[in-house]
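Asks: have a look; sequence and predicted model below, questions after that.
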Amino acid sequence: MLSCALFSSVPPADAQTRGTLRPGMTCERIDTPGRLRCEVEARVASGESISTGDVIIVRTPGFVMALRGRIGPHDATAREPEVWRWAFALAAREKGSGEIEARARVVVCRSSTCEPREAPVVARVVVGE
């Protein structure tokens, strides 16, 4: 199984300062219509920690349907201080390719101060091409 990834707005290493949220999303490539798996990852700067977060599916291509519009904090597959990951499924009704758009939303803490952050994330979905 091949996977395809497109990361949104990842700043250079020297830009890893307070206030930076670095999300990424990957979706597996499948040969025939059916379920396909995607994963979103959110990273924050060293010294910061994610206390909670979720992913909102904003848009899918016409040949794909999101099985859920929101992937909540209890659905996270990894909850490390500086990185959280969520996995979710899409249902492909036919062959095609296009982009899925989502928003990663997290609450980030540094010392005793916490603030909400969000960032768009995009991945390419390919079925049978």
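Replies: Arrived safely, thanks for sending.
Asks: pull the number of nearby residues for G69.
Replies: Neighbour count for G69, taken as other CB atoms under 10 Å: 12. Bear in mind the C-beta positions are built from the backbone N, C-alpha and C, glycine included.
Asks: quick check: phi and psi on it?
Replies: Main-chain dihedrals, G69, degrees, to the nearest 10: phi -90, psi -20.
Asks: element containing the nearest residue to it once chain neighbours are set aside?
Replies: Take G69 and drop its neighbours on the chain: the residue closest to it by CB to CB, 6 or more residues apart in numbering is I57, 5.2 Å away. In this assignment (DSSP states H and E), I57 forms part of strand 49-59.
Asks: show residues contacting stretch 81-94.
Replies: Stretch 81-94 has contacts (CB atoms under 8 Å, 6 or more residues apart in numbering) with 27, 30, 33-46, 48-50, 53-55, 57, 60, 63-68, 71, 75-78, 100, 106, 125, 127.
Asks: then stretch 102-122?
Replies: Residues outside stretch 102-122 that contact it (CB under 8 Å, 6+ apart): 6-9, 18-19, 21-25, 40, 42, 44, 47-58, 84, 99-101.
Asks: now, of these, which are buried?
Replies: Buried members of the contacts of stretch 102-122, scored by 16 or more other CB atoms under 10 Å, are 8, 21-25, 40, 42, 44, 48-50, 52-55, 57, 84, 100-101.
Asks: what is the spatially most central residue of the chain paired to in the beta sheet?
Replies: In the chain, the centroid-proximal residue (CA atoms, centre = their mean) is V40; its distance is 2.4 Å. Per DSSP bridges, the residues bridged to V40 are M25, W86.
Asks: now do it against R110, distance only.
Replies: 22 Å (CB to CB, to the nearest Å).
Asks: the residue in the chain sticking out farthest from the centre and H74, how far apart?
Replies: Residue distances from the centre of the chain (CA atoms, centre = their mean) peak at S112, which lies 26.5 Å from the mean C-alpha position. According to CB to CB, S112 stands 25 Å off from H74.
Asks: kind regards, and thank you for your time.
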